[in-house]
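Student: return atomic coordinates for the entry below.
(one chain, ligands or ions: 2)
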Amino acid sequence: MSAARSIRGTLWASRNRNALSPTRLTPFLTIPQGNCRLNSTASILPLEVPSTTGDEHTVLTKKALRRPEYRTKDLNQVVGEEWTIKQKCLEADTKELAVDLHRIFRTGRRLRKVLKSNDYHVQTEPLDVDGGKTINVDKGDLMVGGTKIPNLWLRDNCQCSSCVHESTKQRLLDTFSIPEDISLRKFTFNEEKTLSVKWSDGHKSEYSSDFLSATVQNAARRAITRQGLTRLKLWGAEIADQPPHIFNNVDLSVRDMLRKIRKFGFVFVHDVDHPDPAATEALLKKIAFIRETHYGGFYDFTADLASADTAYTNIALEAHTDNTYFSDPAGLQAFHLLSHTDGEGGASLLVDGFKVAHELYQQDRDAYQVLSTVNVHAHASGNNGISIQPYRGFPVLEHDPSTNELLRVRWNNSDRASIELPIEDVGTWYDAARKFDALLKKKENEYWEQLQPGRVLIFDNWRVLHGRSSFTGKRRICGGYINRDDWISRYKMESVGREKVLRALASG
Ligand SMILES: C[N+](C)(C)CCCC[C@H](N)C(=O)O
Ligand SMILES: O=C(O)CCC(=O)C(=O)O
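Tutor: Residues are numbered from 1 along each chain as shown. Ligands and ions are numbered 1, 2, ... in the order given. This is a model prediction of the structure:
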């Protein structure tokens, strides 16, 4: 039962218990010493009191109070000193209770606004793209799987070379020049069920059956091609037994490398030349261009505070995702330990944020909802002259609004700024975040690995958290960031295929 509903229930029950309602009772009885009026719902009635006539006792009830002999009496005389004091205490307690209940009720109402009822969840088993649909034209309307396809949409998504630029794939057609009452004038289906149409505006279009079938898929299926979704392999510490890896030889398959990252959230690339960082940079550029940030582009760093960030120190860093202070955190991040001399430590920590989110979802749905709906701000303010913050707050667990599937984990306790809740309610976020933090720090979820020269770690910064133990000595790491959109684009080209990706644009 929601907090608010249980509160309302309590208030209703107390008003309707056989306690006297304050308004009916107050005019009759006042208690001297500070004029404490019997105005609480927690009344001391019914109460046995000495009768005003004879020596038997009277049970003082609501009804009895209406009798003339009680009309002007002081409560003291009617119920005696002890009960008068009890009444005063009851009144004070009741007042306090009413204030608390009202505050809890208000909080419940406020939080219900924040915690939308979406069923946010972690996608682990993508649906198979469903097969062909029945495609026919009925009374001049194109029907796909029984759904009528709007003529304006179909005309707007004509793929011919006068409507779409052949090389840029951009729309050339002026959508709003299409007559609003556009209709099919003539149509035919060929043996592959490709639909050929002559429109009422004289234009001719062709639509493949795959293109038409895709128009009626549900959101989860449409996301598969758009997001380049695959079956995710969620992991914990056991991944140490067989971490995903690939060898950097002449026929390194970018497709295989990206497939492992998409499935596991990270990959180790063996046999990368070092200590010269050039080979590492070249490896990353096989995926996409390296992202420039205020740390530079391709990075090669040690614990010298060259940039005012704790990464450029030798202290331990707990599991986090990078760039929570950017509106668009980097998609991939890479670390290649080039050397570590005169010291020890600096082990790397990886945690599968999607696996931990899924555990939270299973253990505490409310906490999962809080981390999925309460926006949090972040900042990077170490370097002189900058304080970088995203244009808006983002939740720790961010979901695809069309499918409610987990898209991104944003977690960096060091860089966190404000929590987008009224200050009196921030405890709700801390309670949920504490549960997530505890799961992140569960030994079963921590994969500790010592980076080695020659072996490059590349991971999905939207899913996998990373950290390190403290270290001594001189430790040099190089690597780079790659944008999410750029690596997912490359992944889709390699694993889905350009033709299928382009065909899904209109309805994916
Ligand atoms: C550029 N390089 C990777 C060396 C350091 C970046 C610092 C990242 C920052 N602590 C964050 O959590 O986003
Ligand atoms: O030094 C490391 O191993 C990791 C540094 C880090 O967490 C970062 O650069 O974001």
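Student: count of neighbours near residue 138?
Tutor: 9 (other Cβ atoms under 10 Å). C-beta coordinates here come from the backbone N, C-alpha and C atoms, glycine included.
Student: sorry, wrong one. I was asking about residue 351.
Tutor: Quick note: residue 351 (other Cβ under 10 Å) scores 29 neighbours.
Student: for the helix or strand containing it, name the packing helices and strands.
Tutor: Here residue 351 sits within strand 348-352, counting by DSSP states H and E. The elements that strand 348-352 packs onto, with contact taken as 3 or more Cβ pairs under 8 Å, 6 or more residues apart in numbering; DSSP states H and E, are strand 317-320, strand 447-449, strand 456-460, strand 464-468.
Student: which helix is the longest one in the chain?
Tutor: Longest helix of the chain, by residue count under DSSP state H: helix 75-114.
Student: centre of the chain to it, how far?
Tutor: For helix 75-114, the separation from the chain centroid amounts to 39 Å (computed by Cα atoms, centre = their mean, to the nearest Å).
Student: list the buried residues for it?
Tutor: 75-76, 78-79, 83-84, 87-88, 90-91, 94, 97, 105, 107-108, 110-111, 114 (16 or more other Cβ atoms under 10 Å).
Student: next: stretch 381-389.
Tutor: 382, 388-389.
Student: swap in stretch 363-380?
Tutor: 364, 367-380.
Student: mind listing what the longest strand along the chain pairs with, with the direction of each?
Tutor: Longest strand of the chain, by residue count under DSSP state E: strand 332-341. Strand pairing for strand 332-341, determined by DSSP bridges: strand 456-460 (antiparallel), strand 474-479 (antiparallel), strand 481-482 (antiparallel).
Student: what are the bridge partners for residue 121, then?
Tutor: residue 405.
Student: I'd guessed it sits against residue 407; true?
Tutor: No: with contacts counted by Cβ atoms under 8 Å, residue 121 stays clear of residue 407, the gap being 11.5 Å.
Student: hey, what's in contact with both of these two?
Tutor: residue 399 (Cβ atoms under 8 Å, 6 or more residues apart in numbering).
Student: check contacts around residue 409.
Tutor: Contacts of residue 409 by Cβ under 8 Å, 6+ apart are 321, 353-354, 357, 396-398, 462-463, 465.
Student: ah, wrong one, I meant residue 334
Tutor: 280, 283-284, 456-459, 479-480, 482.
Student: quick check: it vs ligand 1, distance?
Tutor: Using Cβ to the nearest ligand atom, to the nearest Å, residue 334 is found at 9 Å from ligand 1.
Student: the contacts of residue 409: which two are farthest apart?
Tutor: 398 and 465 (14.4 Å; Cβ to Cβ).
Student: of the two, who's got more company?
Tutor: residue 465 (24 against 17).
Student: quick check: that one touching residue 351?
Tutor: Yes: counting by Cβ under 8 Å, residue 465 touches residue 351, with 4.4 Å between them.
Student: overlap in contacts of those two?
Tutor: Contacts common to residue 465 and residue 351, judged by Cβ under 8 Å, 6+ apart, are 319, 440.
Student: can you tell me the SS state at residue 202?
Tutor: coil (DSSP: H, G, I helix; E, B strand; the rest coil).
Student: among the buried residues of stretch 363-380, which lie within strands?
Tutor: 376-378.
Student: I'd like those as TSV, with distance to residue 202 appended.
Tutor: What follows is those, written out as TSV (distance: Cβ to Cβ, whole Å):
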residue	distance to residue 202
376	55
377	54
378	55
